[in-house]
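In: what's the 3D shape of this:
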Amino acid sequence: MSKTGQARVLTPEQFAHLLGAIQKHRYPEKNTALVQISFKLGLRVQEIALLQIKDVAELGPESSGQRSFKLKEILALPAAYTKAADALKRSKSTYQRRRISFSVHDFNQLIQRIETMVKAGAEIKPEDFYPEVKKHRGKSRDLPMNDVALRTAIENHLAIRLAAHPSVKKTAPYF
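Out: Numbers count the residues shown, from 1 in each chain. I've put the predicted structure just below:
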């Protein structure tokens, strides 16, 4: 049977029940933040796992064993985290590009540029003439974090994390 239609989502009552059940288990702040980020921002599991502290908040200086932070208004999800970028590098290709294609116009411009440099007596280095190779990196997303429950969950988890480890770096994983 083929899959068609839209994915099923929780009703507000089911979502409230899920959040209530989370409060009865270990690490309620962390798990609440995970669920809120997943449901309110629509992030995939891989994207959540790759989040760093710097993606969600700006850390203040460490003073007397405590660390302040300011939550960002917009979560700029880097393109390297997204589905298309294969952020875990599981299927790293060994293919190397060996051929470069030019349009006739671009090729003629390149020849004229080289001729001008030769006439001027300039040193010719082949690497100066290689065209730029663009790599596909997936799509980056800017996600507004304006939901009060989402912001509260993220702040609570980060506050507990920084209280336990005030010297954590901004590039450390958020979870």
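
In: Please make it C-alpha for all contacts and neighbour counts, starting now.
Out: Noted.

In: Name the residue closest to the centre of the chain, please.
Out: residue 78 (2.8 Å; C-alpha atoms, centre = their mean).

In: That one contacts residue 141, correct?
Out: Yes - the criterion here is C-alpha atoms under 8 Å, and residue 78 meets it with residue 141 at 7.0 Å.

In: Quick check: closest non-adjacent residue to the residue nearest to the centre of the chain.
Out: Leaving aside its sequence neighbours, residue 78 sits nearest to residue 140 (C-alpha to C-alpha, 6 or more residues apart in numbering; 5.2 Å).

In: do you know how far residue 145 is from residue 74?
Out: Separation of residue 145 from residue 74 (C-alpha to C-alpha, to the nearest Å): 5 Å.

In: So between those two, which is more surrounded?
Out: Shown here are residue 145 and residue 74; by other C-alpha atoms under 10 Å, residue 145 has more neighbours (19 against 15).

In: For the more buried one, which residues are in contact?
Out: By C-alpha atoms under 8 Å, 6 or more residues apart in numbering, the contact set of residue 145 is 41, 72-75, 151.

In: Make a markdown table out of those and add secondary structure, distance to residue 159 and pLDDT.
Out: Compiled in a markdown table, the contacts of residue 145 are given as follows (DSSP: H, G, I helix; E, B strand; the rest coil; distance: C-alpha to C-alpha, whole Å; pLDDT from 0 to 100):
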| residue | secondary structure | distance to residue 159 | pLDDT |
| --- | --- | --- | --- |
| 41 | helix | 20 | 89 |
| 72 | coil | 14 | 90 |
| 73 | coil | 17 | 89 |
| 74 | strand | 19 | 87 |
| 75 | strand | 18 | 88 |
| 151 | helix | 12 | 93 |
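
In: Identify the farthest-apart pair in those.
Out: 41 and 72 (13.8 Å; C-alpha to C-alpha).

In: Return the set of buried residues in stretch 11-23.
Out: Across stretch 11-23, burial judged by 16 or more other C-alpha atoms under 10 Å covers 19, 22.

In: quick check: mean pLDDT across it?
Out: If you average the pLDDT over stretch 11-23, you get 91.

In: got it, and stretch 49-59?
Out: 90.

In: Quick check: the closest residue to residue 144 other than its chain neighbours vs residue 116, distance?
Out: Leaving aside its chain neighbours, residue 144 sits nearest to residue 74 (4.3 Å; criterion: C-alpha to C-alpha, 6+ apart). Separation of residue 74 from residue 116 (C-alpha to C-alpha): 50 Å.
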